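# for reference, the sequence and a predicted model appear below.
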Amino acid sequence: MDAWYRSLSPTQRGELLRDAWRTGRALQIAGLRARFPNESEAQLELRLAERWLGSELFNRVMAQRRARGLE
């Protein structure tokens, strides 16, 4: 596998990374959807953002969005 990966072009490596990231994100959204089946896509996206950023940073970002009238 190592030789295979090294044989890839930088573009192919980037595409592989992008695909892996998208798959991981889709799996996380699916897990959140299973836990919170009645929530909208927007609410699930916010839950994912909080998971990625951590509660403290997420709350700071959301406070800034509210202050700017983006909520």
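Happy to help now that I have it. Numbering: from 1, shown residues only.
# so which residues of the chain form helices?
According to DSSP state H, the chain carries its helices in the segments 2-7, 10-35, 41-53, 55-67.
# packing partners of the longest one?
So that's helix 10-35. helix 41-53 (3 or more Cβ pairs under 8 Å, 6 or more residues apart in numbering; DSSP states H and E). C-betas here are computed from N, CA, C, even on glycine.
# contacts for the helix it packs on?
Helix 41-53 has contacts (Cβ atoms under 8 Å, 6 or more residues apart in numbering) with 25, 28-29, 32-33, 36, 39, 58, 61.
# could you single out the most deeply buried of the helices of the chain?
Of all those, helix 41-53 carries the top mean neighbour count, a mean of 13, counting by mean count of other Cβ atoms under 10 Å.
# now that one and helix 10-35, what's the angle there?
Counting by axes from the mean of the first three to the mean of the last three Cα atoms, to 10 degrees, helix 41-53 points 110 degrees away from the direction of helix 10-35.
# helix 41-53: how far from the chain's middle?
Computed by Cα atoms, centre = their mean, to the nearest Å, the chain-centroid distance of helix 41-53 equals 8 Å.
# same question for that helix, mean pLDDT?
Taken as a whole, helix 41-53 has a mean pLDDT of 96.
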